[in-house]
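# This is the structure alone, sequence omitted:
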């Protein structure tokens, strides 16, 4: 709202300048000077109002309404996500962090019973973990290190059974070597023990191609992530996916080009985030940072990565837990009405608007 006020104010000032110039051009010099002084003071005051308003409104959160429902007697439900301007999910908001407005007026909790809470009932978050099991990894101590790091990553990103998102977040594990196609190591699961058991089963005998088909693996992983999103949406649920790739080298197989891999990432659905974890001195950091456009970390040995998993885990958890469900009993009883959801959390602020029809609403609403 404020940006439109300031836009109109700026145009008003421009119109006033034009009018003033034409008005005083035929006036005596002394009179023009008096007019000019008063005019400058007026413009300065208006500019200060505009600047003050801009300072007061520092919108640094983005609220996206994913779905909404209206049911009699007067129930309004809105499913939405909250992100910062970098696209990172904002988790752990509680009811006190939200304000609800109808047609610009704050809706009192005394007028309308409401609930705002994290919600996973209509949400799936799929993590596709992809492991580089080329010859350089499967030989020597690198395999044990990769297994330990992968299990630590699982522990970091997968919620415990007691957490609200435990049913919503699932991880599946794939691997690649120099062969043409990705290979499934573990199907999607929200059970950390099952996932870590599958990682323990990795052995040097699994691979028959010591090369590294990194670019081909990236392209195929985007396809897997896209399929998961499609499946979720076909069930009338909201979904997001995270692609997480562990690799210790560069593409050697030449089955696909770097350009094709980056094109697949850049054209991927906006609900797919990309993370790359590079290990050792043979990686091409510029390529991996382009593939891991959400986050890329690297280290000379896997032990150094353990402390960085927390950062990626926070990003994934934040995105997965950034979805909220608003349910409330509207006091409106007719007509089309504007609903505004506002978040105010410390220095963070953002809002979003939507419309709902209150025809035939009555006062017998309750929330289960």
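Alright, I've got the coordinates. The shown structure was predicted, so the numbers you read here are calculated from the model rather than taken from an experiment. Residues are numbered from 1 along each chain as shown.
# Helices of this protein, start to end?
According to DSSP state H, the chain carries its helices in the segments 2-24, 29-56, 135-138, 142-157, 192-200, 214-234, 258-266, 285-291, 302-320.
# ok, how many other residues are close to the residue nearest to residue 291 when sequence neighbours are not counted?
Using Cβ to Cβ, 6 or more residues apart in numbering and skipping the chain neighbours, the partner closest in space to residue 291 is residue 276 (5.2 Å). For glycine as for every other residue, the C-beta is placed from the backbone atoms N, C-alpha and C. When counting by other Cβ atoms under 10 Å, one arrives at 28 neighbours for residue 276.
# wait, what's in contact with residue 276?
Counting by Cβ atoms under 8 Å, 6 or more residues apart in numbering, residue 276 makes contact with 244-245, 247, 288-289, 291-292, 295-297.
# partners of it in the sheet?
Each beta-bridge partner of residue 276 is listed here, defined by DSSP bridges: residue 245, residue 296.
# Grab the nearest non-local neighbour of residue 280.
residue 248 (4.5 Å).
# my read: residue 61 touches residue 342, true?
No - distance between residue 61 and residue 342: 9.4 Å, which falls outside the contact criterion (Cβ atoms under 8 Å).
# ok, those two, which is more surrounded?
Under the criterion of other Cβ under 10 Å, the comparison of residue 61 against residue 342 puts residue 61 first, with 20 against 17.
# The closest residue in space to that one that isn't next to it in sequence and residue 322, how far apart?
Counting by Cβ to Cβ, 6+ apart, residue 350 is the residue found nearest to residue 61 once chain neighbours are left out, at 2.9 Å. Counting by Cβ to Cβ, to the nearest Å, the gap between residue 350 and residue 322 amounts to 12 Å.
# Give me the common contacts of the two.
Residues within reach of residue 350 and of residue 322 at once, by Cβ under 8 Å, 6+ apart, are residue 82.
# any low-confidence regions in the stretch 51-200 of the chain?
Low-confidence regions of the stretch 51-200 of the chain, defined here as pLDDT under 70, cover residues 51-58, 119-122, 140, 162-166.
# Got the domain ranges for this structure?
Under automatic domain parsing, the residue ranges defining each domain of the chain are 2-56, 61-112+330-357, 123-320.
# Which one, of these, ends up nearest to residue 368?
Using Cβ to Cβ as the measure, domain 61-112+330-357 is the one of the domains of the chain that comes nearest residue 368, at 9.7 Å.
# Give me the neighbour count for residue 252.
16.
# who touches it in this structure?
When the contact criterion is Cβ under 8 Å, 6+ apart, the partners of residue 252 are 134, 178, 211-214.
# run the last query once more with 10 Å
By Cβ atoms under 10 Å, 6 or more residues apart in numbering, the residues touching residue 252 are 134-136, 178, 210-214, 282.
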